[in-house]
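1. okay, sequence plus prediction incoming.
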Amino acid sequence: ETGVTQTPRHLVMGMTNKKSLKCEQHLGHNAMYWYKQSAKKPLELMFVYNFKEQTENNSVPSRFSPECPNSSHLFLHLHTLQPEDSALYLCASSQELDTQYFGPGTRLTVL
Amino acid sequence: EDQVTQSPEALRLQEGESSSLNCSYTVSGLRGLFWYRQDPGKGPEFLFTLYSAGEEKEKERLKATLTKKESFLHITAPKPEDSATYLCAVTGTASKLTFGTGTRLQVTL
């Protein structure tokens, strides 16, 4: 595997479910990010981890919970989501907060 | 607050018809301006990073330029496979990447 991978690629969940998104980077980077992309809106930064420490939480609701066990893996735990949370969730990584490289994304649908 | 405005919102070109996409920005202490290409349902694919006014970078049919207020992505003799959404983003002293809404490019035969 090369670059940044994300699983699953598609996820449909009910509002009462709990699920997790996974991201893995194979680039040797030390920073990882979660973004939300909704139709006709700019990418919205959700969380930043630099050397496994969370350095930014962009006023994200607590129903989204990130976890970064090491510099190669990043998770986004989801619970009691709302239909307006349906979007493409993108993971990215970078070295020293420089150019970010993105994964293919997880298309999330909340029913 | 950093801001990025991209124009036009959508652009339709015939194959071989060259054009330019615009990215206007305001940022506190520019550290980098980035161009990405995004295909439907996929993650953004990195194209270029520009660090200072006057800098230019090229890759195949694409050329990115940067001034103190805007960046242009020039597309020379485009092909249908260049059809995608092109995203511009900036990072300033806050070290946070701020994106524009993108230009959706369609190249027809």
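-> Received the coordinates, thanks.

2. ok, and does stretch A:66-76 reach over to chain B?
-> No. Stretch A:66-76 does not reach chain B (C-beta under 8 Å from any C-beta of the partner chain); its nearest approach is 14.0 Å. Every residue, glycine included, has its C-beta placed from N, CA and C.

3. end to end on that stretch, go ahead and measure it.
-> 4 Å (C-alpha to C-alpha, to the nearest Å).

4. how about the nearest residue to the residue in chain A that chain B sits nearest to, chain neighbours excluded?
-> Using C-beta to the nearest C-beta, the single residue of chain A nearest to chain B is A:Phe102, 3.7 Å away. In this structure, A:Phe102 finds its nearest non-sequential neighbour in B:Gly43, 3.7 Å apart by C-beta to C-beta, 6 or more residues apart in numbering or on different chains.

5. and B:Lys63, by the same measure?
-> B:Lys63 sits nearest to B:His74 (C-beta to C-beta, 6+ apart), 4.4 Å away.

6. got a list of contacts for the host helix or strand of the one you found?
-> In the assignment (DSSP states H and E), B:His74 maps to strand B:70-75. Surrounding strand B:70-75, the residues in contact under the criterion C-beta atoms under 8 Å, 6 or more residues apart in numbering or on different chains are B:13, B:18-25, B:33, B:35, B:47, B:50, B:61-65, B:82, B:86, B:88, B:105.

7. swap in stretch A:94-102?
-> With C-beta under 8 Å, 6+ apart as the criterion, stretch A:94-102 contacts A:3-4, A:25, A:27-31, A:33, A:35, A:50, A:90-93, B:32, B:34, B:36, B:43-46, B:49, B:91, B:95, B:97.

8. in what helix or strand does whichever residue of chain B sits closest to chain A lie?
-> Proximity of chain B to chain A (C-beta to the nearest C-beta) peaks at B:Gly43, 3.7 Å away. Using DSSP H and E, B:Gly43 sits in no helix or strand.
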